[in-house]
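# My questions are about this predicted structure, shown below with the sequence.
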Amino acid sequence: MTALKQWIAVTVTTIAIVGTTAGCSGGQMENRPTQEPADAKRSIQQLVDDTTDALGGTWTVQEGPRLGTCEDERGVGEGVNYTYIKSRADRGDVEQGIRTLEKLWGERGLDTKRFSDADASYSGVDGSGDGVANIGFQSSDLGGGDTVSGTSACAAGDYVEMRERERS
């Protein structure tokens with residue numbers, strides 16, 4: 001009977017220790033994004049630039065990187081993100097472009113999804129994942145040419161404060 005009591009005591013102690021260390025990791029959950037704004041800006045700018053380089057041709061910055069607001073990865077709290085858009089007037093080889101980007105983005109851990117309208121006059125591919133809220137390649141033969149747009153993952157930061165700093 002003594003061995004059974006010892007076994008019970010050891011088991012209860014182990015459960016108590018494991019439960020305490022697993023359940024209490026030192027305070028409240030952080031309600032803010034963990035990525036820094038400069039990293040978010042740099043990463044989306046690099047990804048869009050790498051994307052347009054992979055597609056080839058002459059691209060023009062249409063917007064950005066533009067500061068925006070967002071919710072953190074848990075859907076609570078506020079943070080900032082960056083959107084960056086480049087375009088070219090000519091429409092490249094759409095199918096080849098999509099395959100190129102599926103490979104490039106896949107190598108970077110992004111999930112991709114193709115899209116197209118019924119007659120393929122507007123088509124492209126979207127990506128999301130690791131550090132990126134979204135990135136997209138859109139191609140249109142209706143006079144729109146090609147566009148690459150990306151939005152970074154949410155980063156910790158105060159939009160109003162950062163916007164005021166940008167303007168001064």
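Sure thing, it's come through.

# Can you give me the end-to-end span of stretch 69-86?
End-to-end span of stretch 69-86 (CA to CA, to the nearest Å): 21 Å.

# Kindly state the neighbouring-residue count (a burial measure) for Gln35.
Per other CB atoms under 10 Å, the neighbour tally for Gln35 reads 20. Using the backbone N, CA and C atoms, a C-beta is placed for each residue, glycine as well.

# right, and the helix or strand after the one helix or strand Arg42 maps to?
Using DSSP states H and E, Arg42 sits in helix 37-55. Sequence-wise, the next helix or strand downstream of helix 37-55 (DSSP H and E) is strand 60-71.

# Nearest residue to the middle of the chain?
The chain has Val132 as the residue nearest its centroid, 1.3 Å off, counting by CA atoms, centre = their mean.

# Run through the residues that contact that one.
Ser43, Ile44, Leu47, Leu110, Gly150, Thr151, Ser152, Ala153 (CB atoms under 8 Å, 6 or more residues apart in numbering).

# what's the answer for Gly57, then?
Applying CB under 8 Å, 6+ apart, the residues contacting Gly57 are Arg88, Asp90, Gly92, Asp146.

# Quick one: those as CSV, columns for pLDDT, neighbour count and secondary structure too.
Listed next are the contacts of Gly57 as CSV, based on pLDDT from 0 to 100; neighbours: other CB atoms under 10 Å; DSSP: H, G, I helix; E, B strand; the rest coil:
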residue, pLDDT, neighbour count, secondary structure
Arg88, 96, 18, strand
Asp90, 87, 8, coil
Gly92, 87, 16, coil
Asp146, 96, 22, strand
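
# on that earlier part again, which parts of the helix holding Arg42 are buried?
Pro37, Ala40, Lys41, Ser43, Ile44, Gln45, Leu47, Val48, Asp49, Thr51, Thr52, Leu55 (16 or more other CB atoms under 10 Å).
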